[in-house]
Every structure is written in structure tokens, then in C-alpha cells.
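Asker: Sharing a sequence plus its predicted fold:
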Amino acid sequence: MLDHELINRTLGTALRTGGEFAEVFVEDKRSSSAMLDDGRVEELTSGRDRGAGIRVVVGETTGFAHTADLTEAGLANAAEAAAAAARGGGGGVREVSVTRVDGPRPTPARIPPEDVAKATKVELLSLADAAARAQGSAITQVSARYGDSRRRILVANSDGLLAEDDQVRTLFSVSCVATGDTGLQTGRESTGRTVGFELFDEADVEEMARTAAGRAITKLSARPAPSGAMPVVVGPGGGGVLFHEACGHGLEADLVAKSASVFAGRVGEEVATPLITLIDDGTMAGEWGHFTIDDEGRPAARNVLIQDGVLTDYMWDHLRARKEGRPSSGNGRRQSYQHLPMVRMTNTYISNGSDEPADIISGTESGVYVAELGGGQVNTATGDFVFGMTEAYLIENGEITEPIREGNLIGNGPEVLTRIDALGNDFAMGSPGTCGKDGQGVPVGDGTPTLRVTSLTIGGTAA
Amino acid sequence: MTELDQLAQRLLASAVDGEDVEVCVGRAVETSVRVHGGAVESLTVAESHGVGVRVVVGGREGHAHAGSFDPDVLSSLVAEARDNAAFAEEDDRVGLAVPDGVAAVPVERWDDSVAATPIDDKVALAIALEAAVLGADPRIRGVRASVYGDTRSETVVRSTTGIESHTRGTMASLSTSVLVDDIDGGTRTGGAVDAARGPVGLDVDTVADLAVARGLQLLGAVAPATGRPTVVFEPRFAATLLGLVAGMLSGERVVKGRTPFANRVGEQISADVLTMYDDPTDAASLSAAAYDGEGLACRRVPLIAAGVLDGFLHDTRSAKGLGTRSTGSALRSVRGGPSPGHRSLHVDPDRGDLDGFIAGIDDGLLVASLQGLHSGVNAVSGDFSVGVEGVRIRDGELAEPIREGTLAGSIPRLLLDISAVGADLERQPGGALVPSLMIEGMTLGGGG
């Protein structure tokens, strides 16, 4: 993406004020999306973003500048700005010579989305619209969105590293509105993978549309959700968001270092019931949070964070790892070249347990069954987190009974981890997500088998 | 013509007969300083560019955008948007804004001090903020972040339908999040933010005091018991809540049947103490603007008058869908098309204030934080369920703090249950000018 000599000169400029570490991150991203709403293909959008982010580290200080100008002059200006921002004590000239690392090769998309006719992409939207509306006249509104992106990145740094990746992602979602005597209700279904247009070999958009429509229609007859603490069973796939919020963020080394995590200083301790093994794995080919190298050039890795209930490690980026004299765990990510990398999750999941899902439900006298979760949020310093339930049912006398309306659940991460008393053998990955941290969004995946938390607080309106 | 106007004009020149083209060009220069332990953790200085193009031909619309002014990137932008338009389906609501004769109210949004202030002084603000927080109380354990940020931005919208708007603005902000040791060995947090047109308008002590007070307010917090207290929202949370309401009054939602307030103009939708409008022409608001995202003049838009629904927020497309005119409420970034929304909510003051409300409540809750607004509020159904921290009110006095609670209801119901709108108008960093609100009987859930 950039000439090696130009990279060397740019890194040299970046180090001129005495920087200890310098890095050039180049990104060229093309995206396209198409949206159907209100019965019509409304708009197609094409996007192109290309630029470089340059950072210089001196002591505890990072200087950062980015530019959309990839000429020698543009890069030199950004390098000087980053160097000035970091302002080392020293100065002088340091020669940098980057060499390509023979790291893992990106898995090429089998069907690059840019080779697929726009008409073919648009056709998927119309299929989804028709399938959703065929679910009944209660479906009064359907929107469907197709999106793809190809993100090529190059990372080079003053340690001599030079690495590249080519990341292709494809996404499809359907949202429905159902109208009934009780008002309006919504249902959504989405799928997204780090693959090309071959996504649709396995993802049936009409089936997704029927699922979304079914969720909206079901909720028309839903009862108000209960309020207060009670047992909660989370279905396969869905529970990943729970762990993402309950402990994932708290295991990010940058938050740990600032004592802004309830899990700081707890490596080696039992932090969860022995049922729980939590893994963050960027190597899971095809998953939404997958990549070949992270945004600091480090190969993706499989990291066990909690083993049989015991906290084994945090997630690390280059800076935090360097301070601790250990390797990065491949969790340094950024939204774009306009952002500094920081510790982020990739695909975070709980591995299978041994309980039969049906036994978990029948063993629950009364409570709530959550089939589909929405987004969540956590305060890592207190461990308090919330997440939304978008499809949920009451459990009465060990059986799933009536649907309930959506709402948030609230809990405390360290407490919830010790309250998981059943784990199913039906592991599944959940829906593609965008994780936000300090204003940056990155694609993440998560997964779990069916599991039960003995007590979580449901934010409903019924007593 | 400035460089941005020229760039827009060059792209417009590639329009062909029978099509309308709109170009939105933006440039922003930003500085961001994060401080930790009395030293700079990161300092970002950068300039970003963006160009968005919409082509409308025969009732079909296509978009293309690029994050660069490079001629080789821009050369194909109009053609790409035109090609995209060919795949959209015809819709008679589609069309670019046309000048409507409404004169823009000029608002000064530029503060030279953003560019004139040396970086060292900006760094010093963030360092001073961290120090002020740490020195405020022995129970403060640390600061998660102390951040100074500013931007200078400039936006041009031009179209073949005669739109020519050029706006520029500056913004500076200071924010922090404090960590407080609780009596049970746990941690509580509190955050605060101040924003102004430039660094000169920022007040370190105000941000520090607010963040510390908010952190200390929740010491010893316990999970609440489930109940139906009267809930008091201080102005910043009233702004959050009414922002959700305004979001449901978007003309686009009305046209597409995605709001419970569609077809209800002229009806009583809230208690009659509430009068609310969007006023981007109020120069004192940091969200003030002369022009909207389609280049039409921003104007004051009545939303709720004494509890009666007055109207909706429109851009050109949603207005066509309802057979009305744009209210100059288009929001947009260069990366996407416009959609209608509010900029600067104003609520008419009524009577009383926060302390007066508390004194008159037997069983209540003063809200101190809301979590999960993105996952717990459904603007289509109106269902509302969020995580809450706060302080219980008993017999007119503040009682025990609570955490890990939930607050739930439906937004249409909650508007009707407003029992008081204060006279204590407070300007929010985001621009809203709102007083405290009191709402009867919301469901508070908890494991206590």
C-alpha cells in the first residue's frame, strides 16, 4: 500500500524529536450499502476512506496525528505533528528499516463483494421485504439493509515490523414493525461475517425476514415484563453480550492499569463459578470479530481469560504489554486510521458446558427466558452493567410460557459470574455487534451455550 | 469563494441534464488531550476531510462519500452516486431541498481562542482538572480520564437546485470521570463535562466539583426494593428524557409509521405543564446553527404547546411525505443522507425547582444516572426500561442512595404523568435549555 522506503523515511521523521517508538498505520477502506424501507429500495451508498495515522511514544506520552494525504509531504507533516505532540527530551536521527513479517495470510473472500452486481445486492432486500410482509397484515413496516466493506491495512513500526491485512465483511439485517390493538412492536434479525458475498450461501434472507417479523408479531401479545430480581435463563448465542459487559470490558488491560476495573489485581483468583471458561479469540475465521493481524500488526490470537472459574489473564495491546514486558495478546484495535488503538475484544465466548438446555429450563421454577439480547453497557469501575432483551418469555413451573415486552436487565459483573449455576451443551455464536469504547466502534462477535443466572434484576413494569 | 466552496462547485459542474446534484463538503481540525497521573497520556492533532454527494434523477436517489479531498478519489464520486441512483426505486418524495425564502438567523459559532491558544495551555487545563478532582476529597481514589478536546469545523452545502450554505464553528470541552472508594470496599464513579465555543469559556473547577459531588453522592448505595416512587429528573436528565421524546417526533418516523405520536397533532399528548420546542436560532446554545444539513435556514419549531402536540421535525423528504414544508431540521454527516431531528430543545419554565420538588414528595427517587438508553428505549413502541442510580426521597428529604435499579414505563404514559415542570432552566453542554421534571409513579425495579 505504501513504498517501503517512504515508510522508513516517515518513521525516521516521526522519531526525530526523541521518540522511543513510532508507528505508521495506513488504511484504505471501501464500503457499500443498500437500504430498503417503506416498500422501496431507498438508497445505495458507496464510501471510500483512505489515510494514515502516525503515533510516536515517548515515556508515558503518545503523540498522534492522522492525515488523508498519503503523499511524501502529507506523511511527513503528520509525522512531525505526532512527534511534536509527543515531544521527547532527546532528538537526533534514528534510522528505521522495516521488514515484512511472514505472518499469517489473510483468508481471501471467496466472492469479493465488489465483484457482485449492485442489482444482485438489491434483489436480496426485495426478497426480505416480501417474505416479512407475507407473515401477515400485522406487519406494517419493513426495512432491510445490506452492507459490505473491504478494509486493507498496513502497519509498520520502529521495531521493524511491517504487516498487512485485507479484511472483508458482509452484513444483512431486517427490522419489522407490527401494528395491533396494543400499539406498535418491533422485531429485528441480523447476520454478519468476516467473509464476502458467500455469506448468502448460508444466510437465507427470507428466513431472517420471517424471524424478524415473527418477533414483532409475538410481542403484540406480550405481557409487561416483571420487575425485580429473579432467575434468568439466556438462550444459546444470546448470552455473549452478557459476558461482554459483565466481565469482558473489565479484563481490558488499559482499564485494569488505571484501577478502573473491578477485576484489577485478581489474576489467579476464582472470579466465576467453575462452569465458566471465557475465551477471546480473534482467529475464528469468518466470525464478525475476526482479523488476521490486529491494528498494531500483531497476529490475532486465542486467549483464555477465565479457565474453570479462575481469572488467568487480561487482554493486551502494544502499549500496555510493553510496560509489563510481555507480548501483546493481539487485542490492539482501532475504528479507523483517525483513531489511536486501544485494548478491544474480538470474538468473546463461553465454551460449552454439559447440561441439557431443556433440563435448565425445566429446572427453573419461575423466572425469565431471554431468547435474544440487544446491546449493553457497563461501568467497568463498579462492575454494574445493563443489557437489553429484545425477545423474552416468562418461565412458569419449569416451562417457557408467555412472551414479555422488551426491557433492560441490570446486574453487577463480579456478582453475576458467581451466580451462574447451569451451563448448556448447545454453544452458538450470537448476532454481529459493534462494541463502543471511548467513542470508537469496532466489530465484535460473542457466543455462549444456554445458561442460567440465579438472580438478575429485570426492568419491567409489572410488579 | 473559499476552498471548500470551490471544491463543491467543481463537483457540481459534473452534473448532467435531467439530474440534480447536492454536494456537502466538510473539514475539521481537532485537538484532543488525555491526561493521567499529571502527565499527557495522549495528544492528538489532526485534520479530517469529507465529501458527500447525492444525485437525484427521476425520483431516484444515490449517494457516495469519501474521506479525502484527493482529486483521484473525488473524480469518480458524482458518477458513483449517479450509478447508485439507478438501482433505487422511484419515489415522489425524493428530491433535494430548494431555497424556501426563509432567511437564516446569523449565529456566531466561531471562537478564535481555539486556534490561538497554545497546546501547552490546553494540556494545562486537563492537568488542572485532574489535580482539582484528586485534591477535592480523601475518598477520591483516582481519575479514569481527564480529557480536553476541541474542534474547528467548516461545512459547505451546495446544489444544482440553488442551495448555497457555508457554516463554520468551534467547540471546546473538558470532561472527567472520577473513581471513589466506597465504604464497602467497592467503587463508585461520577462524571462531568463542560463545553464552550473555546477554551476560554471552560471552567475547570465547575467540572471538578460536579464530578466529585456526583461520585460522593452514591457512597453506600444499595439495590432498591421494587416500587412506584415519584421520580425527579434534574435538568440534565430531563434533557435526556425529552430528547428521546423529540426523537419520536421526527417527521421521518411519522411518514413511516414508526412512532406512537403519528396522526396525533392537535391532541393532548402530555400534561399541560409542558411546552417544548426546538430552537437552533438561540445563539446561546452550543447547538445553534444558521443552516440545516440540506442548506435551509434553521428555525424555531414548536413541538408541544401546553401538552398539545403541535407538529413534527421535518427535512425535505419527510415534509413531502406529509404534504408540508421542511422545518429546516435536517441533520446529516457527509457520510450519509439527511434525516430530520432536533438540535436545541427548549422547555418553557413553569414553577418550582429541584429542592422544592424533593420537599413535597413522600416516596420518591432523585435520578443520579441512567444506563442502557440505547438498548432500553424503543422509539417505535414507546417502551422505556433503563438502569438507574439515584437517591431515594422519603418524607420530603433525601434518604439512602441506590444503585443496580431499573426504571421502566412507556414514553407516551410518562409524558401524561408529568406532575411538575420547574422554573429552574439550566443550559446543558449539548445546548438544551430545560428545567427539572417530576413524574408520578414510574416502576422502580431492584433486588433489594
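Answerer: Yep, that arrived.
Asker: For residue 275, which non-adjacent residue is spatially closest?
Answerer: No chain was given, so I picked chain A. Nearest residue to A:Leu275, sequence neighbours excluded (Cβ to Cβ, 6 or more residues apart in numbering or on different chains): A:Leu423, at 4.4 Å. Quick note: C-beta positions are derived from backbone N, CA and C, even for glycine.
Asker: hmm, I had chain B in mind actually
Answerer: In space, B:Thr275 is closest to B:Asp348, 4.1 Å off (Cβ to Cβ, 6+ apart).
Asker: thinking the one you found is in contact with B:Asp279, fair?
Answerer: No - between B:Asp348 and B:Asp279 there is no contact under Cβ atoms under 8 Å: 11.2 Å.
Asker: Which of those two has more residues huddled nearby?
Answerer: B:Asp279 (24 against 18; other Cβ atoms under 10 Å in any protein chain shown).
Asker: related to what we said a few turns ago, from what I can see the residue nearest to A:Leu275 touches A:Asp355, true?
Answerer: Yes - taking contacts as Cβ under 8 Å, A:Leu423 lies within contact range of A:Asp355: 5.9 Å.
Asker: Contacts only, for A:Val155.
Answerer: A:Val155 makes contact with A:23-26, A:161-164, A:293, A:295-297, according to Cβ atoms under 8 Å, 6 or more residues apart in numbering or on different chains.
Asker: Please apply the same query to B:Ala305.
Answerer: B:Thr275.
Asker: residues contacting residue 379?
Answerer: Picked chain A for this. Residues in contact with A:Asn379 (Cβ under 8 Å, 6+ apart) are A:385, B:189, B:371.
Asker: wrong one, chain B
Answerer: Going by Cβ under 8 Å, 6+ apart, the list of residues near B:Ala379 reads B:244, B:247-248, B:253, B:258-259.
Asker: Just to check, A:Leu171 is in contact with A:Leu124?
Answerer: No - if you go by Cβ under 8 Å, A:Leu171 and A:Leu124 don't touch, sitting 11.5 Å apart.
Asker: Now do the shared contacts for these two.
Answerer: Counting by Cβ under 8 Å, 6+ apart, the common neighbours of A:Leu171 and A:Leu124 are A:Tyr146.
Asker: what sits up against the helix or strand where B:Lys122 lies?
Answerer: B:Lys122 is part of helix B:119-134 when elements are defined by DSSP states H and E. Here helix B:119-134 makes contact (Cβ under 8 Å, 6+ apart) with A:85, B:31, B:33-36, B:38-40, B:43, B:45, B:140, B:142-143, B:146-148, B:150, B:174, B:176, B:178, B:199, B:202, B:204-205, B:207-208, B:211-212.
Asker: who's in contact with B:Ala221?
Answerer: B:182, B:188, B:389, B:400-403.
Asker: follow-up on the earlier one: from the contacts of B:Ala379, which land in helices?
Answerer: Residues of these located in helices (DSSP state H): B:244, B:247, B:253.
Asker: Tell me the spacing between the closest residue to the last one other than its chain neighbours and A:Glu391.
Answerer: Going back to what we said before, that points to B:Arg253. Excluding the flanking residues, the one nearest B:Arg253 by Cβ to Cβ, 6+ apart is B:Thr259, at 4.0 Å. Separation of B:Thr259 from A:Glu391 (Cβ to Cβ, to the nearest Å): 22 Å.
Asker: re earlier: okay, and the residue nearest to A:Leu275 sits in which element?
Answerer: strand A:420-423.
Asker: Show me what counts as buried in that strand.
Answerer: Applying a neighbour-count criterion of 16 or more other Cβ atoms under 10 Å in any protein chain shown, one finds A:420, A:422-423 buried in strand A:420-423.
Asker: Now flag whichever of those residues is closest to B:Thr155.
Answerer: Distance to B:Thr155, by Cβ to Cβ, is smallest for A:Ile420 among the buried residues of strand A:420-423, at 50.1 Å.
Asker: so, in contact with chain B or not, stretch A:15-26?
Answerer: No - figure legend: stretch A:15-26 not in contact with chain B (Cβ under 8 Å from any Cβ of the partner chain); closest approach 12.6 Å.
Asker: Can you show me the CA trace of that stretch as CSV?
Answerer: The C-alpha trace of stretch A:15-26 is given here as CSV (Å, rounded to 0.1, in the frame of the first residue of the first chain):
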residue,chain,number,x,y,z
LEU,A,15,11.4,9.7,15.7
ARG,A,16,13.3,12.9,15.2
THR,A,17,12.2,14.5,18.5
GLY,A,18,13.5,11.5,20.5
GLY,A,19,10.5,9.2,20.3
GLU,A,20,11.1,5.7,21.6
PHE,A,21,8.5,4.1,19.4
ALA,A,22,6.8,5.2,16.2
GLU,A,23,4.2,3.6,14.1
VAL,A,24,2.5,4.2,10.7
PHE,A,25,-0.9,2.8,10.2
VAL,A,26,-2.3,3.0,6.7
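Asker: and it, what's its mean pLDDT?
Answerer: Averaged over stretch A:15-26, pLDDT sits at 93.
Asker: what helices or strands is the helix or strand of chain B with the lowest mean pLDDT leaning on?
Answerer: The helix or strand of chain B with the poorest confidence is helix B:373-376; it has a mean of 87 (mean pLDDT, DSSP states H and E). When contacts are defined as 3 or more Cβ pairs under 8 Å, 6 or more residues apart in numbering or on different chains; DSSP states H and E, helix B:373-376 packs onto strand A:366-378, strand A:384-396, strand A:407-412, strand B:383-394.
Asker: Distance of B:Ala97 relative to B:Leu296?
Answerer: 5 Å.
Asker: what sits in contact with each of those two?
Answerer: B:163, B:316, B:326, B:330.
Asker: ok, the second one - contacts?
Answerer: The one in question is B:Thr316. B:95-98, B:294, B:296, B:326, B:330, B:338.
Asker: mind redoing it with 6 Å?
Answerer: B:97, B:294, B:326 (Cβ atoms under 6 Å, 6 or more residues apart in numbering or on different chains).
Asker: Which among the residues you listed count as buried?
Answerer: Counted by 16+ other Cβ under 10 Å, the contacts of B:Thr316 give B:97, B:294, B:326 as buried.
Asker: how many neighbours does residue 427 have?
Answerer: Answering for chain A, as no chain was given. 17.
Asker: could you do chain B instead?
Answerer: 17.
Asker: what separates it from B:Asp100, distance-wise?
Answerer: Using Cβ to Cβ, we find B:Arg427 at a distance of 30 Å from B:Asp100.
Asker: and what of B:Arg317?
Answerer: With distances taken as Cβ to Cβ, B:Arg317 is found 14 Å from B:Asp100.
Asker: do A:Ile111 as well
Answerer: 47 Å.
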